[in-house]
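Undergrad: What follows is a predicted structure for the sequence shown.
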Amino acid sequence: MMNTKMQTAINDQIQKEFYSAYLYLAMSAYCEESNLSGFAKWLKVQYHEEMEHGMKLMEHLLERGGKVTLGALAAPPSEFGTPLVMFTEVLKHEEYITANINELYEVALAEKDYPVQVMLQWFITEQVEEESNATTILEQLKLVGDNKGALIMLDKELGQRQD
Ligand code: OFO
C-alpha cells in the first residue's frame, strides 16, 4: 500500500499529464484551423500519448491500492501564434513536465517507495524523448524561417507520425 504523501504526488502528476493532453489537443485544433494538417496530426498523436501517460500513473496507483483523485483541468489557450512560437511553448512545457517527474522521483526516494521508483524510470526515459522531439521540430522551424514552401514540406513530414 502506498503512503498518502506518495498518493497525493502521483495524483498531482496525473492531473499534469491530462492537462498536457488537453493542451496538445487545443494546439492540434488550432493547427487544423490554420490549414497545417500535418502539425495537427502530430499534436493529436501527442495528445494520445499524454492520455496514456496519465493512465499509466493511474493504473499504478490503483494496482497499489491507492485512491485516485482527479483534479480540475484548466482551459488551455485557443490561440498559439506561429508554429515557431507554438513549439517554443511545447518545449517549455515538456521541460516543466520533466522537472515534475524528477520531483516525483525525489518523493519516491524520500518515501522509500521502490515500485514507484521503478515505474518512474519509464517516465524519465520518456521525457528525454519528449524534449528531444520538441527540440528537433523547434530547430527545424528556425531553419524554415519565413519560407512558406519549407513550412509546407515540414507539415507533410510531421503528418507521417503514427500512433
Ligand atoms: Fe507526458 O510527457 Fe509530455 O507532457
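TA: Structure's in. What do you need?
Undergrad: mind checking pLDDT for residue 1?
TA: Residue 1 carries a pLDDT value of 81.
Undergrad: Go ahead and confirm it touches residue 64.
TA: Yes: between residue 1 and residue 64 there is a contact at 6.6 Å, judged by C-beta atoms under 8 Å. All C-beta atoms are positioned from the backbone trio N, CA, C, and that covers glycine.
Undergrad: Those two: which is more packed in?
TA: Per other C-beta atoms under 10 Å, whichever of residue 1 and residue 64 has more neighbours is residue 64, with 16 against 8.
Undergrad: Give the full set of residues in contact with that one.
TA: By C-beta atoms under 8 Å, 6 or more residues apart in numbering, residue 64 lies in contact with 1-2, 115.
Undergrad: Which members of the residues you listed occur in strands, if any?
TA: Nothing among the contacts of residue 64 maps onto strands, per DSSP state E.
Undergrad: How about the residues of this structure by the ligand?
TA: 17, 20, 50, 53, 94, 97, 130 (C-beta under 6 Å from any ligand atom).
Undergrad: Any stretches of this protein with poor pLDDT?
TA: Within the chain, no stretch has pLDDT under 70.
Undergrad: At which residues are the strands of it located?
TA: With strands called from DSSP E, the chain shows none.
Undergrad: Report the separation between residue 141 and residue 13.
TA: 29 Å (C-beta to C-beta, to the nearest Å).
Undergrad: Which of these two has more residues huddled nearby?
TA: Neighbours were counted for residue 141 and for residue 13 using other C-beta under 10 Å; residue 13 has more, 23 against 20.
Undergrad: My understanding was that residue 41 contacts residue 163; is that so?
TA: No: at 9.8 Å, residue 41 does not count as touching residue 163 under the criterion of C-beta under 8 Å.
Undergrad: Can you pick out the residue with more neighbours from the two?
TA: Neighbours were counted for residue 41 and for residue 163 using other C-beta under 10 Å; residue 41 has more, 20 against 8.
Undergrad: list the contacts for the nearest residue to that one once chain neighbours are set aside?
TA: Computed as C-beta to C-beta, 6 or more residues apart in numbering, the closest residue to residue 41 that is not its neighbour in sequence is residue 159, at 4.7 Å. Applying C-beta under 8 Å, 6+ apart to residue 159 gives the contacts 37-39, 41-42.
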